[in-house]
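1. Task: produce atomic coordinates for the following.
(chains A and B)
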Amino acid sequence: DAGVTQSPTHLIKTRGQHVTLRCSPISGHKSVSWYQQVLGQGPQFIFQYYEKEERGRGNFPDRFSARQFPNYSSELNVNALLLGDSALYLCASSSSVGNTEAFFGQGTRLTVV
Amino acid sequence: DAKTTQPPSMDCAEGRAANLPCNHSTISGNEYVYWYRQIHSQGPQYIIHGLKNNETNEMASLIITEDRKSSTLILPHATLRDTAVYYCIVSGTSYGKLTFGQGTILTVHP
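-> Okay, the predicted model is just below:
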C-alpha cells in the first residue's frame, strides 16, 4: 500500500512568489495535517483538515492557506513568500480527527531565494 | 497541550536497551503521550502512544508513571538504524495537532 505522498520533493522559489504543495493521504484516511519544519527544529503544526473542513489551525499568518478535496488529498498554499518560509513542509494523514497515530510523508523541501 | 522536557542527546550501544525519558508534569487527564522519531531527512515516524497504561508494540515499549507526570520509551535492542531524533508529545486536543519540541537525539554506536 502506498504511504503518504507529497509533491514536489524539492522546490526553489523567489521572494514574493506563490507556491502550492500537494499531499495524497493513505487510502481510507480522511484527515490531513500540514507541518513546517525549519532546519534544526521540530515540526510546527500549520493546519488540519478532516472531511474537507478545517479542524485546526496553528500560529501562522494568513499567507498560509490549505484545502482538502473530495478524494481527501490536500493542497497547502503560501502567498508572498519570504526567505523565512524556507523549510521542509510535511503532510500527515490519519484515519480520524482526534487522538490517533499520524503517518507522515517525506516532505517537500522549499527554498526561497 | 502539556509541555514536555527531554534530554537533548543520549548514546546507546548497539544491542543494548535504549531508555529515553520524558517529563510531562503538567499533563491533564485526557491527554495522551505520543512518541515519534525522525531519521535524518525523512518525515517523522509514529512509534507508540498511551494514556495511562504501559504499552508495547513491535517497535518499543512505553512506560508511564502512575501519576502520569513522566514516561520512558524503551527500545529493547537498539540497532544503528535506530539513530534518530525522538520526540515525546502530549496531546489532548479534539483534533490531531501534535506539538513537537526539540526532542532527544539518540545515537546508537557499534
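2. Up against chain A, what does chain B have?
-> Contacts of chain B with chain A, taken as C-beta under 8 Å from any C-beta of the partner chain, map to B:32, B:34, B:42-46, B:49, B:85, B:87, B:91-103. In short, each C-beta sits where N, CA and C put it, glycine included.
3. make it 10 Å
-> B:1, B:30-32, B:34, B:36, B:38, B:41-49, B:51, B:85, B:87, B:89, B:91-103 (C-beta under 10 Å from any C-beta of the partner chain).
4. Buried members of those residues into PyMOL, please.
-> In PyMOL, this line selects whichever of the residues of chain B next to chain A come out buried by 16 or more other C-beta atoms under 10 Å in any protein chain shown:
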select buried, chain B and resi 1+31+32+34+36+38+43+44+45+46+47+48+49+85+87+89+91+92+93+95+96+97+98+99+100+101+103
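5. Now, the residues of chain B next to chain A that are in strands?
-> Using DSSP state E, the members of these that fall in strands are B:32, B:34, B:36, B:38, B:45-49, B:85, B:87, B:89, B:91.
6. which of these has the weakest pLDDT?
-> Minimum pLDDT across these is recorded for B:Ser91, with 86.
7. for A:Tyr35, helix, strand, or coil?
-> Applying DSSP: H, G, I helix; E, B strand; the rest coil to A:Tyr35 yields a three-state assignment of strand.
8. Which residues are in contact with it?
-> By C-beta atoms under 10 Å, 6 or more residues apart in numbering or on different chains, the contact set of A:Tyr35 is A:42-48, A:58, A:76, A:87-92, A:102, A:104, A:107, B:43-44, B:97-98, B:100.
9. from the ones in strands among the residues of chain B next to chain A, which is closest to A:Gly16?
-> Among those, B:Gln38 lies closest to A:Gly16 (C-beta to C-beta), at 31.1 Å.
10. roughly how far apart are the closest one and B:Tyr87?
-> 7 Å (C-beta to C-beta, to the nearest Å).
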